[in-house]
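Engineer: pasting the sequence and the predicted model now:
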Amino acid sequence: MTARVRELLQYRELVENLVIRDLKVRYKNSILGFLWSLVNPLLLMLVFTVVFTVMLPNVVIPRFPVFVLCALLPWNFFNTSLVGAVHSITQSGHLIKKVYFPREILPISVVFSNLANFLLALPVLLILVLVLGGQWTPLLVWVPVVLAVQVCFTVGVAFILATLNVFYRDTSVILEVIMQAWFFLTPVFYPVDLLPEWKAVLGLMLPVRRLVYIFNPMASIIATFRSIIYGFTNGSPPAPPAWDFFTRTAVTSVLVLVVGYWFLTRYSHRFGEEV
C-alpha cells in the first residue's frame, strides 16, 4: 500500500487534470460557467433567509439559516461526492482498458471537484454569518482541519462504493435510498438535542445521542462545523471542538480511508475485465 501511495503522488497532475475536466463538463454550455458555484449558494442563502426569517421564523433556534447552512453545505459536498464517485470507475472503462494509471485517481478526482465547489460556497456562508448578526472568530482556523477530516472520510467511502459498483451495478441504485435515509439520520435541519438522550429499545436503554455520533461520522463532522462557525442553539458563541470528540471522529475517518483504499487496490486488477 505504501508503494501505491507513492505511485499515486506521482500521478497528482492527472488528478488535477481530471478535476478541471469534471468542472468544465459540469458547467459546459452554461452562460455563467463557474460562477454557478457562487450563484447556487447565494440563491440557497436567499431562500433560507426568506423562508426561515420571514415566512416561517424559527424563534427557538437563533439565526436558523446559518444553523442549517453550516450543516447543509458539508452534507451536499458529501452527498454529491458519493453519488458521482460510485460511477467514476464504471463510466471510465475506455480509459481503464487503454491506459495504465492508479485506478483510485478516478473517485479521488470526483471528490476533489466537489471539494472545489464547497470551497467556493464557503465564503457565502461566512458572509451570511455577518449579515444575520453573527461574527467571525479565530476559531475559523479550524475549518481546514475539519474539512480535511471530512475529505478523508468521503474519499474512503467513495473508494468502497466505486469498487462495489464495478461488480454489483445495483450499488448505485441502493445508494440513492441509503443517502436519503442517511440525510434524515444526520442532524442537518434539526439540533441533536431533539433526540432523546436515552431510549428503551427491546428492553435495553440505549444512549441515542451518543450512538448517533459514534455510528455516523457525518453527524460529528457537521456538529464540529457548527460549533466553530455558528455556535450553539442556546445562543452560546462558537467554541473549539472537544479534543476527545474530534479525535475520535478523525481516527474513524482515517480508518475508513485506509480500509477503503485497501479494498479498492485489492480488486483494482479486475476492473479492466468487469467494466
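Structural biologist: Noted; the coordinates are in hand. This structure is a prediction, so every number in the text was calculated from the model and none was measured. Numbers count the residues shown, from 1 in each chain.
Engineer: quick one: low-confidence parts of the chain?
Structural biologist: Within the chain, the segments meeting pLDDT under 70 span 27-39, 41, 52, 56, 58-59.
Engineer: let me know the outermost residue of it.
Structural biologist: Residue farthest from the centre of the chain, counting by Cα atoms, centre = their mean, is Gly203 at 35.3 Å.
Engineer: where does that residue fall, phi/psi-wise?
Structural biologist: Main-chain dihedrals, Gly203, degrees, to the nearest 10: phi 80, psi 0.
Engineer: how many other residues sit next to the closest residue to Ala223 other than its chain neighbours?
Structural biologist: Of all residues not flanking Ala223 in the chain, Val192 sits nearest, at 6.8 Å (Cβ to Cβ, 6 or more residues apart in numbering). (Each C-beta comes from the backbone N, C-alpha and C, glycine too.) Using other Cβ atoms under 10 Å, Val192 has 17 neighbouring residues.
Engineer: show me where the stretch 1-150 of the chain has its helices.
Structural biologist: Using DSSP state H, counting those that start in this stretch, the helices assigned to the stretch 1-150 of the chain run over residues 2-10, 12-26, 36-50, 64-85, 93-98, 105-131, 143-167.
Engineer: who's in contact with the residue most central in space within the chain?
Structural biologist: In the chain, the C-alpha nearest the mean C-alpha coordinate belongs to Phe78, at 2.3 Å (Cα atoms, centre = their mean). Residues near Phe78 by Cβ atoms under 8 Å, 6 or more residues apart in numbering: 150, 154, 218.
Engineer: distance of the second one from Val5?
Structural biologist: Relative to Val5, Thr154 is positioned 18 Å away (Cβ to Cβ, to the nearest Å).
Engineer: between these two, which one's more packed in?
Structural biologist: A direct count of neighbours by other Cβ under 10 Å for Thr154 and Val5 places Thr154 higher, at 30 against 12.
Engineer: isn't the more buried one right up against Phe112?
Structural biologist: No: assessed by Cβ atoms under 8 Å, Thr154 is found out of contact with Phe112, at 10.0 Å.
Engineer: tell me how far Trp262 lies from Val149.
Structural biologist: Taken as Cβ to Cβ, the span from Trp262 to Val149 is 19 Å.
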